[in-house]
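J.: Pasted the sequence and its predicted model underneath.
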Amino acid sequence: MRRLTFGVALSLVAALLAAHPFAGAAPPEPNQVEAGVAPGAPVPDTRPGEAFADPKVAQLQRTASDVQRELGDLSARIHAAEDELHKATDQLNAAKAEREQADRVVAAQQAEVDAYSAAVYSAMATPSGMQALFGASGPRDYLARAELVRQIRADQDSRMTAALRRQQTAADGERAAAGAERTATERTAELDRRNADATNRAAAVSSELRGFLTDTNAAVIAAQRGQQDRNAATAANWRAYTDRLAALGIKPPPAAALRDPARLPAGLQPLTGSTGPQPGVAQVSLPTGERLLVLPAETVKAVTAAVGALGRPYVPGKGGDGPDAYSCDGLVRTAFGGAGLPLPASAAEQLATLTPVALPDAQPGDLVFAGPPRYGVQSVGILLDQRTMLTADARLAGVVVTDLPAGESLLGVGRPALPARPAAPVPQRSDGGLPWRCGGVELPPRAAGEAAGAWGGYPNGFIPLTALCPIGVGDHALRCDAAASFRAMSAAFGSVFGRPLCVTDSYRTFDSQVRLYALKPALAAVPGTSNHGWGLAVDLCGGAQSFGTAEHGWLERFAPAFGWSNPPWAQPGRGREEPWHWEFVGL
């Protein structure tokens with residue numbers, strides 16, 4: 001199905017609203033306890049340790065995966081026990097119904113036989129051939145009376161035989177019902193015991209994870225603070241550079257004026273590189289003897305914009321062009337495009353068409369492309385100096401200052417201030433494993449109509465709140481592209497129903513997943529598996545939580561245009577009905 005942009009989706013919805021019959025009061029809220037994941041789904045996070053933001057976080061993921069496997073086995077046992085219990089209960093109810101029906105048949109037939117016998121004996125006593133002989137007026141009358149007696153006896157015998165047969169059948173049914181009842185009672189007791197054992201073990205292994213939460217949370221917080229300090233120092237250094245240019249009265253010239261080192265604006269000198277004067281940059285000599293780098297005006301503007309985006313969240317797909325969140329290629333495309341130096345869409349296309357620069361000659365504002373080659377051109381950043389670059393990093397789930405790639409991971413450097421070249425070959429992905437993008441691994445969707453799951457460098461439920469965006473309802477938050485889409489969908493919903501979408505749950509931390517699982521292990525998802533823990537799912541209320549309502553009908557019709565889906569497994573007859581659970585599958 002073709003995906004729509006937010007604007008097109010809103011236009012489509014607006015065009016259909018007037019003719020749409022959705023309206024009316026919302027039904028009462030249900031007691032929603034849900035899993036947020038398909039029945040029997042495996043542990044979804046198969047990323048290697050280097051995909052995580054911190055070694056302690058990677059260790060937590062390994063520990064969580066081990067516990068999740070055990071919890072998944074226990075969860076399967078609990079569900080199997082519940083299924084057996086339901087079957088036993090159904091058998092017991094059927095046996096009871098059969099016994100009750102047999103009792104009614106016996107009682108009814110016995111009453112019929114008793115009434116018949118009483119009527120015959122009161123009318124003519126015991127009918128016999130001798131009575132027929134003495135009462136007959138002649139041979140013909142005798143034969144008629146004898147035939148009548150035979151028919152009465154045959155009819156009575158038939159009724160009695162049928163009654164006895166039914167009585168026997170009823171007795172057999174009653175005995176079967178009693179046996180089924182005993183079996184069901186015994187089975188119920190056994191299943192209750194197994195369920196209790198599994199529930200207790202689930203609570204125990206859930207608590208194991210709590211021992212890792214404090215250390216990991218501390219590591220995440222420390223890493224974030226360290227990153228914030230690094231970002232702030234870089235921003236301060238860049239401001240100091242631009243402030244110094246301004247204080248010296250140096251106005252960066254346009255990129256076109258610096259492309260020929262032999263014809264630079266007055267007062268500027270070429271910057272010598274490994275093969276001679278470099279195009280696209282210059283320098284100025286100060287009275288102190290110091291030489292100060294001069295970059296093109298467009299490059300200064302682009303880097304300034306990128307520095308201003310430090311700390312903004314990362315998003316892996318569409319929606320990475322800002323201003324709320326960025327992907328690595330979206331960040332450089334937006335920064336340089338806004339400065340007057342348009343770039344191709346993807347990192348691979350950018351490397352293919354930018355004029356290459358040797359790493360020793362690279363200057364601030366040049367683009368650095370990362371691999372390694374077996375992953376293809378999987379990331380791009382803006383060079384700051386010979387050690388660092390600015391990028392939207394998937395592992396760190398934000399726009400950050402990070403180290404330059406080294407060794408084979410450094411695929412090349414390009415200078416956006418120089419004219420584009422004809423597209424050159426670039427490394428293509430040859431690795432048969434999971435795809436990498438912007439420094440992180442991207443997992444495919446679990447199934448059609450479901451969210452992709454793992455993204456960024458944090459396990460399920462450990463995504464920093466700084467990497468999420470508000471959805472406009474209470475303090476609920478989602479991954480930023482999902483949040484933007486939800487806000488648009490809620491606005492369209494509100495234009496029909498006069499109120500925004502009602503939300504009971506959005507991003508769910510790992511700790512809250514552990515608590516929920518400990519309370520209801522047969523219903524809640526195994527901790528670390530729900531798409532709530534990826535910031536890609538919501539639970540709705542206000543009428544949308546029930547199949548057949550006007551609110552749910554509106555979502556079924558319009559939510560796909562905004563990239564939202566009630567997953568197939570959550571729909572009627574699919575194993576676990578969760579009409580309130582909706583996942584962001586992307587536009």
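T.: In hand now; what should we look at?
J.: so where does residue 329 fall, helix or strand?
T.: Secondary structure assignment for residue 329, by DSSP states H and E: helix 328-338.
J.: and what of residue 310?
T.: Per DSSP H and E, there is no helix or strand for residue 310.
J.: where's it relative to residue 457, distance?
T.: 17 Å (C-beta to C-beta, to the nearest Å). To be clear about C-beta, it is placed using only N, CA and C from the backbone, and glycine gets the same treatment.
J.: end to end, how far does stretch 528-535 reach?
T.: With C-alpha to C-alpha, to the nearest Å as the measure, stretch 528-535 spans 12 Å from end to end.
J.: ugh, wrong one, I meant stretch 380-399
T.: This stretch, stretch 380-399, spans 12 Å end to end (C-alpha to C-alpha).
J.: Buried residues of the helix holding residue 329, list them for me.
T.: For helix 328-338, the neighbour count (16 or more other C-beta atoms under 10 Å) marks 328-336 as buried.
J.: could these go into CSV alongside distance to residue 529 and pLDDT?
T.: Putting the buried residues of helix 328-338 into CSV (distance: C-beta to C-beta, whole Å; pLDDT from 0 to 100) gives the following:
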residue, distance to residue 529, pLDDT
328, 28, 96
329, 30, 95
330, 29, 96
331, 31, 97
332, 35, 97
333, 34, 96
334, 34, 97
335, 37, 97
336, 40, 98
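J.: Which of those sits closest to residue 351?
T.: Nearest to residue 351 among the buried residues of helix 328-338: residue 329, at 10.2 Å, using C-beta to C-beta.
J.: The closest one and residue 336 touch, don't they?
T.: No - applying C-beta atoms under 8 Å as the test, residue 329 and residue 336 come out as separate, 11.0 Å apart.
J.: residue contacts, residue 489?
T.: Contact analysis of residue 489 by C-beta atoms under 8 Å, 6 or more residues apart in numbering lists 9, 501, 558-559, 562, 564.
J.: Those residues: which two are farthest apart?
T.: Greatest spatial distance among those (C-beta to C-beta): 9 and 501, at 14.8 Å.
J.: okay, the two: which has more neighbours?
T.: Taking neighbours as other C-beta atoms under 10 Å, residue 9 and residue 501 compare with residue 501 leading, 27 against 22.
J.: separation between that one and residue 564?
T.: According to C-beta to C-beta, residue 501 stands 10 Å off from residue 564.
J.: Mutual contacts of these two, please.
T.: Counting by C-beta under 8 Å, 6+ apart, the residues touching both residue 501 and residue 564 are 486, 489.
J.: sorry, back to before: let me know the closest of the contacts of residue 489 to residue 48.
T.: Distance to residue 48, by C-beta to C-beta, is smallest for residue 564 among those, at 30.5 Å.
J.: and the nearest residue to that closest one once chain neighbours are set aside, what does it touch?
T.: Distances taken as C-beta to C-beta, 6 or more residues apart in numbering place residue 582 nearest to residue 564, at 5.0 Å, with adjacent residues excluded. Residues near residue 582 by C-beta under 8 Å, 6+ apart: 537-540, 555, 559, 564-566.
J.: Could you do residue 58 as well?
T.: 49-52.
J.: now those: which count as buried?
T.: With neighbours counted by 16+ other C-beta under 10 Å, the contacts of residue 58 contain buried members at 51-52.
J.: which one of the contacts of residue 58 is nearest residue 282?
T.: For the contacts of residue 58, the residue nearest residue 282 by C-beta to C-beta is residue 50; the value is 39.6 Å.
J.: any idea how far the closest one is from residue 151?
T.: Applying C-beta to C-beta, the value for residue 50 to residue 151 is 96 Å.
J.: and if you look at residue 381?
T.: To residue 151, residue 381 is 106 Å away according to C-beta to C-beta.
J.: Kindly report the same for residue 526.
T.: On the measure of C-beta to C-beta, residue 526 and residue 151 end up 74 Å apart.
J.: So which of these two has more stuff around it?
T.: residue 526 (29 against 11).
J.: host element of that one?
T.: Of the helices and strands defined by DSSP H and E, none includes residue 526.
J.: tell me the pLDDT at it?
T.: pLDDT, residue 526: 74.
J.: I'd say it and residue 517 touch.
T.: Yes - Residue 526 is within contact range of residue 517, at 6.6 Å (criterion: C-beta under 8 Å).
J.: contacting residues around stretch 284-292?
T.: Stretch 284-292 has contacts (C-beta under 8 Å, 6+ apart) with 244-245, 248, 250, 267-269, 283, 294.
J.: Now the buried members of the residues you listed.
T.: Using 16+ other C-beta under 10 Å, the buried ones in the contacts of stretch 284-292 are 245, 268, 283, 294.
J.: For the last one, which residues count as its bridge partners?
T.: The reference is to residue 294. Residue 294 has these beta-bridge partners by DSSP bridges: residue 282.
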